[in-house]
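Trainee: 3D, please:
(one chain, ligands or ions: 2)
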Amino acid sequence: MSKAAAAARLVLAYLSWPLVFFSGLTGAYFAFASDTPMIAFVAVYAGAVSSLFLLERTIPYEERWLQPDGETANDIAHTVLTKGLVELAALAGVIFPMLAARLLQPVAAMQFSLWPSSWPMILQASLAVVIAEFGLYWAHRIAHERLFFWRFHALHHSVTRLWVINTGRFHVMDSLFKVALSQIPLYLLGAPLQVFWWLGAVTAFIGILTHCNVDMRTGVFDLVFSTPRLHRWHHSKDISEGNTNYGENIVLFDQIFGTYFNPDRPSSTDIGIKGQIAPDFVGQLTQPFTRDGVRQILGRQPKRG
Ligand SMILES: [Zn+2]
Ligand SMILES: [Zn+2]
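Mentor: Ligands and ions are numbered 1, 2, ... in the order given. Reported below is the predicted structural model:
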């Protein structure tokens with residue numbers, strides 16, 4: 001590689017995270033102000049996914065992860081089921097939390113009005129990200145530390161490559177648990193609908209960024225946000241590296257509760273789990289509900305007789 005090409009690559013590596021994140025949020029701002037906020041947001045989101053898809057082919061973190069793993073169709077199917085099924089049917093959007101918020105928020109807000117609705121939206125949205133993160137952090141940590149919940153979360157960790165398309169590979173039960181713990185406090189506080197939109201937007205952009213296979217240099221952002229570098233450690237096969245960095249959007253609670261992990265070396269590319277996940281979509285959905293399925297997920301021998 002020539003010196004100029006190496007320099008250009010480095011500039012791209014430093015710029016790509018803030019560029020995708022902040023231009024995504026700027027796009028969301030205009031989308032939410034438009035007449036068709038959900039459809040406009042989907043267009044902005046698709047733009048961000050496409051940019052990352054191109055960046056993965058320009059400056060990949062791990063060349064090996066560009067190769068197909070046979071899971072692409074399953075990844076997309078889980079994404080559609082957990083995040084978009086209802087919305088696609090209603091042509092209302094792609095983000096499950098946004099729709100849940102739209103349905104439930106007016107009911108809850110009638111009884112409670114503790115939310116600081118007079119604050120500027122950027123402060124209300126930031127507050128919502130912090131409050132939701134407390135639930136997201138514990139839902140995620142419990143999913144790793146309790147076998148009962150790991151049976152659902154293992155699907156997300158069974159991938160052997162990280163790329164923008166497997167961001168939404170979550171078992172539907174895993175997603176519901178996370179949405180419940182993170183959003184119920186906001187309903188109870190009476191947060192307005194716009195706040196849920198912003199929380200959905202932040203989660204959507206951080207999500208595709210944490211999983212993308214782009215050689216991004218995130219520097220100081222690692223101290224605040226869940227970045228690709230931190231999340232690759234979280235996917236490590238080595239439990240001492242993997243049971244860390246539970247933060248979904250921000251890493252505040254990893255820092256408070258002692259699970260923040262960011263050693264000074266390239267983050268792991270040896271990712272995956274010890275157990276076995278069913279190869280097909282329906283099998284992946286039903287596996288956690290059968291005794292032999294759970295044994296496979298945990299990497300134990302099936303019981304005989
Ligand atoms: Zn996890
Ligand atoms: Zn992940």
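Trainee: output the below-cut-off pLDDT ranges for the stretch 51-200 of the chain.
Mentor: 84-99, 101-102, 104-112 (pLDDT under 70).
Trainee: residue ranges for the helices of it, please.
Mentor: 72-79, 85-90, 96-109, 121-145, 147-157, 172-189, 193-211 (DSSP state H, counting those that start in this stretch).
Trainee: of these, flag the one that's most buried.
Mentor: helix 193-211 (a mean of 23; mean count of other Cβ atoms under 10 Å). Just so you know, the C-beta spots here come from the backbone N, C-alpha and C atoms, and that holds for glycine as well.
Trainee: how distant is it from the center of its chain?
Mentor: Its chain's C-alpha centre and that of helix 193-211 lie 9 Å apart, by Cα atoms, centre = their mean, to the nearest Å.
Trainee: quick one, that helix and helix 147-157 angle?
Mentor: Using axes from the mean of the first three to the mean of the last three Cα atoms, to 10 degrees, the direction of helix 193-211 lies 70 degrees away from that of helix 147-157.
Trainee: helix 193-211 vs helix 121-145, what angle?
Mentor: Using the same axes, to 10 degrees: helix 193-211 against helix 121-145 is 50 degrees.
Trainee: and the next helix or strand past helix 193-211?
Mentor: helix 228-234 (DSSP states H and E).
Trainee: that following helix packs against which elements?
Mentor: Where contact means 3 or more Cβ pairs under 8 Å, 6 or more residues apart in numbering; DSSP states H and E, helix 228-234 is packed against helix 193-211, helix 239-242.
Trainee: who's in contact with the closest residue to G207 other than its chain neighbours?
Mentor: Take G207 and drop its neighbours on the chain: the residue closest to it by Cβ to Cβ, 6 or more residues apart in numbering is T167, 4.9 Å away. Going by Cβ atoms under 8 Å, 6 or more residues apart in numbering, T167 touches 79, 207-208, 210-211.
Trainee: so which elements touch the longest helix anywhere in the chain?
Mentor: Secondary structure of the chain per DSSP state H: the longest helix is helix 3-33. Under the contact criterion of 3+ Cβ pairs under 8 Å, 6+ apart, helix 3-33 touches helix 37-58, helix 193-211.
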